[in-house]
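S.K.: Give me coordinates for this.
(one chain, ligands or ions: 1)
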Amino acid sequence: MLVLGAGMAGLAAARALAQQDYDVTVLDARDHIGGRTWTSRQWPDAPMDLGASWIHGIEGNPLTTLAEEIEARTFVTSYDSSIVYGPDGEPIDERTEAQLERLSEEIAEHILTAQDADNDQSVRRTVERALGWSRLSAAEKARVNFVLSSEYEHEYSGSTEELSTYWFDDGDGFDGDDVIFLDGYETLVDALAEGLRIQTNHPVQRIAWTEDQVVVTSGTDRFTADYVVVTLPLGVLKSGDVVFEPALPRNKQRAISALGMGVLNKCYLRFPSIFWPEEFDWLAYLTPNRGQWQEWVSLARPTGLPILLGFNAADYGRAIEEMSDAEIVASAMQTLRTVFGDDIPDPEDVQITRWAADPFAFGSYSFNALGSTPEMRDHLAEPVGDRLFFAGEATSRAYFATVHGAYLSGLRAAEEIVAQA
Ligand SMILES: Cc1cc2nc3c(=O)[nH]c(=O)nc-3n(C[C@H](O)[C@H](O)[C@H](O)COP(=O)(O)OP(=O)(O)OC[C@H]3O[C@@H](n4cnc5c(N)ncnc54)[C@H](O)[C@@H]3O)c2cc1C
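M.R.: Next up is the predicted model:
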């Protein structure tokens, strides 16, 4: 039995199958396991997660159980622990804070109303129409963009021009706190991978199946299996880099093309000292430039170190990938100097992600794009010919875009195989 992909979905499937005495081999294109959970060891005293950081909602979340089993060190961060800086760099006053809160509620209500309309449209169009965009002042537009970027684009990773008003938030979640792993998500990944046969540096190019077997090609290697679990990211399926023979069914192809693959990029900046208020987890900047450097996480509290993490999502998240590291840092520092003054030091070191360009992800996580429907995730998850089984975050209708969604999809695919074999 073969599992393609050693991310959370693949590891969950492989582990569940191996526990039931199936002979399982996992193949992954990268030189490391974990996929979009990827802990960098560039800073030996501070493991940094370049992909997922959080367990979102720890109550009833299967990842909480796993983390507890291995006694992983976790740390609660909270959106309530946040400060917002205005375009001039000063913390916003109570009036602006109240305005933002009202606007956020207003936008959510307009979206809710539009979810009952006869036709779907993008989240952006819904909001612009409802608010009378052309009549808004520049400051009002900046506030709308701020809410749309922080509450929609950073969470769902698609641009609000692409997010479906009907379906962008279709799905489920777990309650409770959000926690990060002090030793990196790798802690969980390594525990799941223990004892599994995993071959890294094996990019798969071709998956050919008949009624009897599946042949998977990676370079000059050929692997034959009774069953294959495909956990390739939606971005990779979209790219056509992996050829299926015969071609995948029409409804699966439609799902692959219609669902969105979004972008969320991270930029870790390590400074000589902490120059920001260290009691907050989240620092936000009400940027006059739509979506640019508005969300920051301070790692001062969890790590005690002078590290800031800047996020960019959707369009700007994609745009920075075209920039050099030096240009990205210069652009980040321009925002930080607006907020914290010209005297702040330059970073000593940086770590920057480019998930859209990553050939084994082509994006950060999936979203429900205008023109897609939640059923398409079920189509993506359906087995083909009782030989190919599908998992991965994008196949999870309830928990797409998350690590727990990927994990649960892997368990689901393993169960399907066991029921079939
Ligand atoms: C920046 C960022 C931040 C995120 N933050 C969070 C968060 O805080 N909390 C959360 O819950 N989720 C978060 N997510 C989403 C989460 O990381 C993913 O939903 C989840 O890790 C996906 O797991 P997966 O197994 O479906 O896919 P992957 O982890 O991508 O696994 C697929 C595997 O397939 C391999 N592969 C690709 N192409 C080939 C090929 N041709 N041949 C062989 N192997 C191949 C890849 O190398 C990869 O290892 C974030 C993602 C990103 C990028």
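
S.K.: Return the set of residues that bridge with Leu309.
M.R.: Tyr268, Val297 (DSSP bridges).

S.K.: Does it touch Ala300 like I think?
M.R.: No: the criterion here is CB atoms under 8 Å, and Leu309 misses it with Ala300 at 10.9 Å. All C-beta atoms are positioned from the backbone trio N, CA, C, and that covers glycine.

S.K.: Which parts of the stretch 151-300 of the chain are strands?
M.R.: 178-181, 197-199, 206-209, 214-218, 221-225, 228-230, 243-245, 260-261, 264-270, 282-285, 295-298 (DSSP state E, counting those that start in this stretch).

S.K.: would you list the ones you listed in JSON lines and tack on mean pLDDT, mean neighbour count and distance to Arg377?
M.R.: Below are those laid out as JSON lines (pLDDT from 0 to 100; neighbours: other CB atoms under 10 Å; distance: least, CB to CB, whole Å):
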{"stretch": "strand 178-181", "mean pLDDT": "98", "mean neighbour count": "22", "distance to Arg377": "23"}
{"stretch": "strand 197-199", "mean pLDDT": "98", "mean neighbour count": "15", "distance to Arg377": "27"}
{"stretch": "strand 206-209", "mean pLDDT": "98", "mean neighbour count": "18", "distance to Arg377": "20"}
{"stretch": "strand 214-218", "mean pLDDT": "98", "mean neighbour count": "19", "distance to Arg377": "23"}
{"stretch": "strand 221-225", "mean pLDDT": "98", "mean neighbour count": "14", "distance to Arg377": "25"}
{"stretch": "strand 228-230", "mean pLDDT": "98", "mean neighbour count": "28", "distance to Arg377": "15"}
{"stretch": "strand 243-245", "mean pLDDT": "98", "mean neighbour count": "14", "distance to Arg377": "18"}
{"stretch": "strand 260-261", "mean pLDDT": "98", "mean neighbour count": "24", "distance to Arg377": "12"}
{"stretch": "strand 264-270", "mean pLDDT": "98", "mean neighbour count": "22", "distance to Arg377": "19"}
{"stretch": "strand 282-285", "mean pLDDT": "98", "mean neighbour count": "22", "distance to Arg377": "30"}
{"stretch": "strand 295-298", "mean pLDDT": "98", "mean neighbour count": "24", "distance to Arg377": "27"}
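
S.K.: right, and those strands - which one's nearest the ligand?
M.R.: strand 264-270 (4.6 Å; CB to the nearest ligand atom).

S.K.: roughly how far out does the closest one sit from the chain middle?
M.R.: 14 Å (CA atoms, centre = their mean, to the nearest Å).

S.K.: likewise stretch 65-76?
M.R.: On CA atoms, centre = their mean, the centre of stretch 65-76 falls 21 Å from that of its chain.

S.K.: what residues does it touch?
M.R.: Contact partners of stretch 65-76, identified using CB atoms under 8 Å, 6 or more residues apart in numbering, comprise 55, 177-183, 187-188, 191-192, 301-302.

S.K.: For those residues, name the two members farthest from one another.
M.R.: Taking CB to CB as the measure, these span a maximum distance of 27.8 Å, between Leu192 and Arg301.

S.K.: between those two, who's got more neighbours?
M.R.: Neighbours were tallied for Leu192 and for Arg301 using other CB atoms under 10 Å; the higher tally belongs to Leu192 (22 against 15).

S.K.: Looking at the more buried one now. What's its pLDDT?
M.R.: pLDDT, Leu192: 98.

S.K.: Just list the residues touching it, thanks.
M.R.: Taking CB under 8 Å, 6+ apart as the test, what Leu192 contacts is 8, 11-12, 15, 66.

S.K.: same question, Asp358
M.R.: Applying CB under 8 Å, 6+ apart, no residues contact Asp358.

S.K.: which SS class is it?
M.R.: Three-state call for Asp358 (DSSP: H, G, I helix; E, B strand; the rest coil): coil.

S.K.: Can you list the buried residues in stretch 313-326?
M.R.: For stretch 313-326, the neighbour count (16 or more other CB atoms under 10 Å) marks 313-318, 320-321 as buried.

S.K.: Touching it from outside, list them.
M.R.: 149, 153-154, 157-161, 262-265, 267, 290-292, 295, 311-312, 328, 331, 350, 352, 354, 356-357, 364.

S.K.: Any of these buried? List them.
M.R.: Buried among the contacts of stretch 313-326 by 16+ other CB under 10 Å: 149, 153-154, 157-161, 262-265, 267, 290-292, 295, 311-312, 328, 331, 350, 352, 354, 356, 364.

S.K.: how many neighbours does the residue nearest to Ile307 when sequence neighbours are not counted have?
M.R.: Spatially, and ignoring its direct neighbours in sequence, Ile307 is nearest to Leu299 (4.1 Å; CB to CB, 6 or more residues apart in numbering). Residues lying near Leu299 (other CB under 10 Å) number 23.

S.K.: Can you read off the pLDDT for Leu299?
M.R.: pLDDT, Leu299: 98.

S.K.: what's near enough to touch it?
M.R.: For Leu299, the contact set (CB under 8 Å, 6+ apart) comprises 46, 305, 307-309.

S.K.: Now flag whichever of those is closest to the ligand.
M.R.: Proximity of the contacts of Leu299 to the ligand (CB to the nearest ligand atom) peaks at Leu309, which lies at 10.1 Å.

S.K.: Which helix or strand contains the residue lying closest to Val263 once chain neighbours are set aside?
M.R.: In this structure, Val263 finds its nearest non-sequential neighbour in Gly317, 4.1 Å apart by CB to CB, 6+ apart. Here Gly317, judged by DSSP states H and E, is contained in helix 314-319.

S.K.: All set now, cheers.
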